[in-house]
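Participant: Need the 3D shape of this:
(4 chains)
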There are 2 protein chains.
Amino acid sequence: MAQEQAGEAGEPASGDVSDRVYAELLTRISEGEFAAGERLFEQALARQLGVSRTPVRDALKRLAAEGLVDTTPNKGAQVVSFTAEDTAALYELRAQFEPVACRLAVPRLGEEDLAELEELDARMQAIVAGGHDPAELTGLNNAFHAIFVERCGNRHLAIALQALFRPAIVTRTFRQYDPRSLERSMQAHQQLVEAALAGDGEWAEAVMRSHILSTRHATAGTTSDADV
Amino acid sequence: MAQEQAGEAGEPASGDVSDRVYAELLTRISEGEFAAGERLFEQALARQLGVSRTPVRDALKRLAAEGLVDTTPNKGAQVVSFTAEDTAALYELRAQFEPVACRLAVPRLGEEDLAELEELDARMQAIVAGGHDPAELTGLNNAFHAIFVERCGNRHLAIALQALFRPAIVTRTFRQYDPRSLERSMQAHQQLVEAALAGDGEWAEAVMRSHILSTRHATAGTTSDADV
DNA sequence: CTCTGTCATGTTGCATGCAATCTCGCAGAC
DNA sequence: GTCTGCGAGATTGCATGCAACATGACAGAG
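Facilitator: Down below sits the predicted model:
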């Protein structure tokens, strides 16, 4: 489904190489290849990716603006590290804001959006049914949630929300999948699809809220999250 | 409590020159020196500010990430332009989100924060009492609101909110000050200070919400806003 | 043994050169 | 007269060189 592959929502669309580097770093961070707190050196990354320092700098700044890395003036960037409270606060906020975007988005969803939602839902269920692959599951889940955010009809809300739930992906590394909460999440996704198909924004909003709160609860005891 | 002085909230803290350029561009945009839709050329700005293109590039990217300028791949940056609906939506969202930050922030405010709030309030009132200088008024107002956002205790909420209410400042160019709504805003600010001094987050939240909604209403008929 | 001052190293931040891309105007053909 | 193709100018994007700052080790004094 077309979907902007690297441009995301905030359209900080830079060049060609720069986008590639950004996407690569984003993937590595979200898949836990970089440990939390690990320093990211411009030159090392540049050599490793076969580009110069400039696009790496750009990508790191972009990640910093999105809250995925911390930067200190003359020291550079390091992957953000979350405390348990940080994660809890993040969920608290998502629970308040993302449902709003959801309600706004539902009436605006087109045919292809709905089709994509159904497909993503189906693929996630397939993964859960079989042996689950955490990395792929979160990717699909992010895409699923992203549809609502990106279609909310307000660029700035999209930017704001990306800033809120992008950082959450870095905490996913040590996640443990609890079968029960996973099942509950799948049901929530199904309900979201139904609500979307029905064009019922309020329903979708309510489902999304309980979905997020339920997930928050499931992760209350651990330092990891499970934002599926 | 350390206080970051120039790093703002999202701490995309870059270098020295880069920050200066960013601040300068932000000021010019918010004061309407750059028209909406106007293209911003790197080299021209660099010459004008007496620096090289690099820090200008960085600043523009930062502004793009915050939604203050639009960038297209090989064309550069231009100041965002808002339709009336965009502005309305922005207020709608602020009304939902900023009060939450306000509630979270109030219990966390220190002595110096309270003192600053009082001072900012006093200065704004002084300006309103005399002949008002729009530019300075909005600057103070932004600072006033920023205190709550920055002290909300969650970095990511701060980033998200900056994304929401930073863009609003660009629409201020043609604003017209309606004496009555201005007076109402001043009273709201006073109440916010009182609530903050009392440490009553819920009160502050309620005041902030009505403050924003009132402002939205005041700007409903125009294409400009009046976020004081 | 501990603490402090100095120095070497590494990294970021800024400046500049070069290539790729886009835009716009103009000439020529139909 | 209108449309198409070409070319010059301009602007961004990437690469690289240089200077400033921060960090860490080591030597020397107390």
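Participant: buried stuff in stretch A:21-28?
Facilitator: Buried positions in stretch A:21-28, judged by neighbour count with 16 or more other CB atoms under 10 Å in any protein chain shown: A:Val21, A:Tyr22, A:Glu24, A:Leu25, A:Leu26. In this view, the C-beta of every residue, glycine as well, is placed from N, C-alpha and C.
Participant: how about CSV for these, with secondary structure, pLDDT and distance to B:Gly139 added?
Facilitator: Putting these into CSV (DSSP: H, G, I helix; E, B strand; the rest coil; pLDDT from 0 to 100; distance: CB to CB, whole Å) gives the following:
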residue, secondary structure, pLDDT, distance to B:Gly139
A:Val21, helix, 94, 36
A:Tyr22, helix, 94, 33
A:Glu24, helix, 93, 40
A:Leu25, helix, 93, 36
A:Leu26, helix, 89, 35
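Participant: Can you narrow these down to the ones near chain B?
Facilitator: Among the buried residues of stretch A:21-28, no residue sits close to chain B (CB under 8 Å from any CB of the partner chain).
Participant: near chain B, which residues of chain A show up?
Facilitator: Close to chain B, as judged by CB under 8 Å from any CB, chain A has residues A:10-16, A:58, A:61-62, A:64-67, A:70-74, A:86, A:89-90, A:93, A:96-97, A:100, A:153-157, A:159-161, A:163-164, A:167.
Participant: that older thread, for DNA strand C, state which of the buried residues of stretch A:21-28 is nearest.
Facilitator: A:Leu25 (12.8 Å; CB to the nearest atom of the strand).
Participant: Spatially nearest residue to the closest one, not counting backbone neighbours?
Facilitator: Leaving aside its sequence neighbours, A:Leu25 sits nearest to A:Ala59 (CB to CB, 6 or more residues apart in numbering or on different chains; 5.4 Å).
Participant: Same question for A:Ala206.
Facilitator: A:Pro99 (7.3 Å).
Participant: From the residues of chain A next to chain B, keep the buried residues only.
Facilitator: A:10-14, A:58, A:61-62, A:64-67, A:70-71, A:86, A:89-90, A:93, A:96-97, A:100, A:154-157, A:159-161, A:163-164, A:167.
Participant: Verify the stated contact: A:Val128 with A:Arg184.
Facilitator: No - counting by CB atoms under 8 Å, A:Val128 does not reach A:Arg184; the two are 11.3 Å apart.
Participant: give the contact list for A:Pro179.
Facilitator: A:Pro179 is in contact with no residue at all, counting by CB atoms under 8 Å, 6 or more residues apart in numbering or on different chains.
Participant: if I look at it, how far off is A:Arg28?
Facilitator: 28 Å (CB to CB, to the nearest Å).
Participant: cool, A:Glu98 as well?
Facilitator: In terms of CB to CB, A:Glu98 sits 25 Å off from A:Arg28.
Participant: re earlier: pull the number of nearby residues for the residue nearest to A:Leu25.
Facilitator: Neighbour count of A:Ala59, defined by other CB atoms under 10 Å in any protein chain shown: 28.
Participant: same thing with A:Ser210?
Facilitator: Applying other CB under 10 Å, I find that A:Ser210 has 15 neighbouring residues.
Participant: now the angle between helix B:155-165 and the one helix or strand in chain A whose mean pLDDT sits lowest, please.
Facilitator: Lowest on mean pLDDT, DSSP states H and E among the helices and strands of chain A sits helix A:155-165, with a mean of 77. Per axes from the mean of the first three to the mean of the last three CA atoms, to 10 degrees, the angle that helix A:155-165 makes with helix B:155-165 is 180 degrees.
Participant: on contacts alone, who are the packing partners of helix A:155-165?
Facilitator: Where contact means 3 or more CB pairs under 8 Å, 6 or more residues apart in numbering or on different chains; DSSP states H and E, helix A:155-165 is packed against helix A:84-105, helix A:134-150, helix B:84-105, helix B:155-165.
Participant: Extract the CA atoms of it and return them as CSV.
Facilitator: Output of helix A:155-165 as CSV, limited to C-alpha atoms (Å, rounded to 0.1, in the frame of the first residue of the first chain):
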residue,chain,number,x,y,z
ARG,A,155,-0.5,17.5,10.6
HIS,A,156,0.5,18.9,13.9
LEU,A,157,-1.4,16.4,15.9
ALA,A,158,0.3,13.7,13.9
ILE,A,159,3.7,15.2,14.7
ALA,A,160,2.9,15.6,18.3
LEU,A,161,1.7,12.0,18.6
GLN,A,162,4.6,10.6,16.8
ALA,A,163,6.7,12.3,19.4
LEU,A,164,4.7,10.6,22.0
PHE,A,165,4.7,7.1,20.9
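Participant: what's in contact with it?
Facilitator: With CB under 8 Å, 6+ apart as the test, helix A:155-165 has contacts from A:8-10, A:66-67, A:90, A:93-94, A:97-98, A:100-101, A:104, A:145, A:149-150, A:152, A:227, B:65-67, B:89-90, B:93, B:97, B:156-157, B:159-161, B:163-164, B:167.
Participant: From the chain's centroid, how far away is it?
Facilitator: How far helix A:155-165 lies from its chain's middle: 11 Å, per CA atoms, centre = their mean, to the nearest Å.
Participant: likewise stretch A:42-60?
Facilitator: 24 Å.
Participant: Tell me the buried residues in it?
Facilitator: Buried residues in stretch A:42-60, counting neighbours by 16+ other CB under 10 Å, are found at A:Glu42, A:Leu45, A:Ala46, A:Leu49, A:Val51, A:Thr54, A:Pro55, A:Val56, A:Arg57, A:Asp58, A:Ala59, A:Leu60.
Participant: now the fourth one, nearest residue through space, not along the chain?
Facilitator: This means A:Leu49. Spatial nearest neighbour of A:Leu49, excluding adjacent residues (CB to CB, 6+ apart): A:Val21 at 5.9 Å.
Participant: for the last one, same thing?
Facilitator: For A:Leu60, the nearest residue in space outside its immediate sequence neighbours is A:Ala77; the separation is 4.7 Å by CB to CB, 6+ apart.
Participant: how far away is the one you found from A:Val56?
Facilitator: For A:Ala77, the distance to A:Val56 - CB to CB - is 10 Å.
Participant: and if you look at A:Met186?
Facilitator: 38 Å.
Participant: for A:Arg39, phi and psi?
Facilitator: With angles defined as degrees, to the nearest 10, A:Arg39 sits at phi -80, psi 140.
Participant: Neighbours of it, how many?
Facilitator: Neighbour tally, A:Arg39, other CB under 10 Å: 13.
Participant: Select, out of the helices and strands packed on helix A:155-165, the one closest to DNA strand C.
Facilitator: Closest among the helices and strands packed on helix A:155-165, using CB to the nearest atom of the strand: helix B:155-165, at 18.1 Å.
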